[in-house]
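>>> Any chance you could fold what I've pasted below:
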Amino acid sequence: MTGATAGIGLAFSRALAARGDDLVLVARDEDRLDRVAEELLSAYGGEVRVVPADLATDDGTERVAEMLREEAIDLLVNNAGHGTRTSFLATPVADEDVSLDLMVRAPMRLCHAALPGMLDRRRGAVLNVASVAAFVPRGTYGAHKAWLVSFTRWLSVRHRRRGVRAMVLCPGLVRTEFHQRMQVDVSSVPRWMWLDADRVVRDALTDLSRGVIVSVPSRRYQVLTRLARLTPPSAAERFSRRG
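Numbering: from 1, shown residues only. Okay, here's the model as predicted:
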């Protein structure tokens, strides 16, 4: 589980621990990782290990990839994410590189490390966390998430006959600290657009067990996603700037 200490990642950590899974939690903040591990052990028992790693760096990603190559992991959840509050041209290219490394290169490399063992055992699953931003023009963030959707679809088609499932989760706005960290004012967003992280995770795990490939939580975002696919790119881009 990457990005395991906050938001959707923390909700996944709790849900998986509650159903009796042993966990390996990955995040940058070692102190916070230790606190989450203690919380999960106290509440649910089982085994919880922590791997401090910055997945925006080669060293951090390789540390996790090495563990995936050496150990029998049945579920890989690529959840670590990053957002920028400024437009593409106003954002330093170094910050864009961080986003690309974290949301494209890291999931690709971790899948590359985990899949051989899963295929040998003929069981396992990859759950990549993207966003409904994948379906509308939304700068490089939407582009990274669109890549993750396409990549996951291919993983599913390629490997499902050998017992390995792949699913991409595409939530809309979820009440987490994501926007607060970006210092983005979301006070004008209507209440109906917000989703609960625990509910998103419950629905995602249900969809994974059912063999769903692209999981969009909630009927409202399923409808909005269908509309986005039919909307001309210029109109979708104007709408996304207001969102």
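>>> switch to C-alpha atoms for all contacts and neighbour counts from now on
Will do.
>>> Contact partners for residue 66?
By CA atoms under 8 Å, 6 or more residues apart in numbering, the contact set of residue 66 is residue 113.
>>> Can you point out the buried residues in the longest helix anywhere in the chain?
When every helix of the chain is counted residue by residue (DSSP state H), the longest turns out to be helix 139-159. Residues 140-146, 148-149, 151-153, 155-156, 159 are the ones in helix 139-159 that count as buried (16 or more other CA atoms under 10 Å).
>>> and if you look at stretch 57-66?
Going by neighbour count (16+ other CA under 10 Å), the buried part of stretch 57-66 is 60-62, 64-65.
>>> Likewise for stretch 36-52?
Buried, per 16+ other CA under 10 Å, within stretch 36-52: 36-37, 40, 44, 48, 50-52.
>>> pretty sure residue 79 contacts residue 1?
Yes: between residue 79 and residue 1 there is a contact under CA atoms under 8 Å: 7.0 Å.
>>> Between those two, which contacts overlap?
With CA under 8 Å, 6+ apart as the test, residue 79 and residue 1 both reach residue 9.
>>> about what we covered before: which of the buried residues of stretch 57-66 fall within helices?
Secondary structure from DSSP H places 60-62, 64-65 of the buried residues of stretch 57-66 in helices.
>>> Turn these into TSV, including pLDDT and distance to residue 117.
TSV is the format used below for these (pLDDT from 0 to 100; distance: CA to CA, whole Å):
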residue	pLDDT	distance to residue 117
60	97	21
61	98	18
62	98	16
64	98	14
65	98	12
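>>> what's the most distant pair in these?
60 and 65 (8.7 Å; CA to CA).
>>> neighbours around residue 163, how many?
15 (other CA atoms under 10 Å).
>>> Closest to residue 12 out of the ones in helices among the buried residues of stretch 57-66?
Nearest to residue 12, judged by CA to CA, of those is residue 64 at 18.2 Å.
>>> if I look at that closest one, how far off is residue 168?
In this view, residue 64 and residue 168 are 20 Å apart by CA to CA, to the nearest Å.
>>> do the same with residue 92
Separation of residue 92 from residue 168 (CA to CA): 29 Å.
>>> again, but for residue 126
8 Å.
>>> What of residue 95?
Per CA to CA, residue 95 is found 25 Å from residue 168.
>>> if you count what's nearby, which of those two comes out ahead?
Neighbours of residue 95 and residue 168, each counted by other CA under 10 Å, are more numerous for residue 168; the result is 28 against 14.
>>> Let me know the secondary structure of that one.
Three-state call for residue 168 (DSSP: H, G, I helix; E, B strand; the rest coil): strand.
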